[in-house]
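In: build me a structure from this.
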Amino acid sequence: MQLKPLARSLAAALSIVVIAGCSSTGGTQDGDSYGSQDGSTTGSSTSGTGTGSQYGSTSGSGAGQQADSRIPEVRTIYFDYDRDTIKSEYESVVMAHARYLRANPNARVVLHGHTDERGTREYNMALGERRAGAVERFLNIQGVSPSQMSVVSYGEERPAVNGQGESAYAQNRRVVFNY
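Out: Numbers count the residues shown, from 1 in each chain. This next block holds a predicted model:
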């Protein structure tokens with residue numbers, strides 16, 4: 001007899017989650033304008049050479065302070081198939097975002113988790129959330145306030161690249177930093 005009110009409550013909660021997940025604040029499909037620049041990181045030498053100077057990690061402290069006052073240029077990180085662990089090659093990107101957020105306590109970021117189209121919609125929504133949650137935990141460990149971050153999973157619903165090859169799949173397995 002208690003099942004009917006529980007089912008109503010779950011249906012109402014699910015409706016709220018769906019409506020909140022469907023809301024949009026504009027921007028590109030990725031939520032940023034830099035996703036296509038970083039889409040070629042798996043085989044490109046240009047993105048690897050720019051990361052050190054871009055964040056001031058190889059420069060003097062003056063460049064590092066300047067980098068902390070601006071939102072980092074690279075706003076998309078990519079994941080391996082069916083994984084939610086941050087690749088070591090993207091740790092410097094996440095660290096740059098952590099430095100920016102610590103230096104700007106009024107800044108807020110929404111971490112958009114995405115997957116490729118393989119798997120069920122439900123599984124992909126959960127995987128997108130786990131990926132964004134992994135980035136959120138990493139930022140939190142680096143001293144970013146939890147009040148500055150929120151997580152949204154789009155699963156397979158907003159692909160960066162259409163297609164069914166591994167190169168398309170690789171560009172869709174991502175977390176986007178949306179300020």
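In: ok, residue 105 - how many residues close by?
Out: 11 (other Cβ atoms under 10 Å). C-beta coordinates here come from the backbone N, C-alpha and C atoms, glycine included.
In: that one contacts residue 144, doesn't it?
Out: No - Residue 105 lies out of contact with residue 144 (Cβ atoms under 8 Å); the separation is 9.3 Å.
In: which ones are touching residue 129?
Out: The contact partners of residue 129, taken as Cβ atoms under 8 Å, 6 or more residues apart in numbering, are 113, 151, 153.
In: element containing residue 177, please.
Out: Secondary structure from DSSP states H and E places residue 177 in strand 174-178.
In: which SS class is residue 123?
Out: Look at residue 123: counting by DSSP: H, G, I helix; E, B strand; the rest coil, its state is helix.
In: quick one: neighbours of it, just the number.
Out: Residue 123 - counted by other Cβ under 10 Å - has 14 other residues nearby.
In: next, the nearest residue to residue 102 once chain neighbours are set aside: phi, psi?
Out: Once flanking residues are discounted, residue 102 sits nearest to residue 143: 5.4 Å by Cβ to Cβ, 6 or more residues apart in numbering. Main-chain dihedrals, residue 143, degrees, to the nearest 10: phi 100, psi 10.
In: show me where this structure dips below the pLDDT cut-off.
Out: Counting by pLDDT under 70, the ranges of the chain that qualify are 1-67.
In: let me see the ranges of the helices in it.
Out: For the chain, the helices defined by DSSP state H cover 3-22, 35-38, 46-55, 61-68, 91-103, 121-141, 166-172.
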